[in-house]
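In: Generate a structure from the sequence data that follows.
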Amino acid sequence: MATASKLKSLERMLCEATGSDQDLDRSIASTLGGTTADNDLPSYTSSVDNCIGLIETTLPKWHWHIGHGPAGIVPYASLRREGGAARLGRLRVEASACTVPLALLHATVKALQAELQF
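Out: Numbering: from 1, shown residues only. Have a look, this model is predicted:
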């Protein structure tokens, strides 16, 4: 599991990202443990499918939703976990970014941070 400080560092990197970034992909894989079946570096920052796979692996009880804000321009992602153990309860996080993959990644990091608090 990723530590709070590693997640905070990754969150900062995601806030500054503007698109596909192999260095950021490498940081995501090393922090969250993501690889492909043949151990290649996944392109998280440019692939919605890879981001969804990462969510399914790191946050298996969470549901995801993606869309665009009220103006229809800025993509956002929301992740939510319903019920579960009483101490965990219901959680929801949201993030927006300049691309859908970056929004999903930022929401993923926020969800992992929220889980560390409980």
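In: Same question for stretch 97-115: list its buried residues.
Out: With burial defined by 16 or more other C-beta atoms under 10 Å, the residues of stretch 97-115 counted as buried are 97, 99-115. (C-beta placed from N, C-alpha, C; glycine too.)
In: Stretch 57-72 spans what distance, first to last residue?
Out: Terminal residues of stretch 57-72 are spaced 29 Å apart (C-alpha to C-alpha, to the nearest Å).
In: That one - what's its average pLDDT?
Out: With pLDDT averaged residue by residue, stretch 57-72 scores 91.
In: Now His65: which helix or strand?
Out: With elements delineated by DSSP states H and E, His65 resides in strand 63-68, which encompasses its position.
In: which secondary structure elements does that strand contact?
Out: The helices and strands touching strand 63-68, judged by 3 or more C-beta pairs under 8 Å, 6 or more residues apart in numbering; DSSP states H and E, are helix 48-58, strand 75-81, helix 100-116.
In: So what touches the longest one?
Out: Residues outside helix 100-116 that contact it (C-beta atoms under 8 Å, 6 or more residues apart in numbering): 2, 4, 7-8, 10-11, 14-15, 17, 19, 28, 32, 44-48, 50-52, 54-55, 58-59, 62, 64, 66, 75-79, 81, 88, 91, 93-97.
In: Same check on stretch 13-29?
Out: Outside of stretch 13-29, the residues within contact range by C-beta under 8 Å, 6+ apart are 9-10, 34-35, 41-46, 54, 97-99, 102, 105-106, 109.
In: repeat that for 6 Å
Out: Counting by C-beta atoms under 6 Å, 6 or more residues apart in numbering, the neighbours of stretch 13-29 from elsewhere in the structure are 41, 43-46, 98-99, 102, 105-106.
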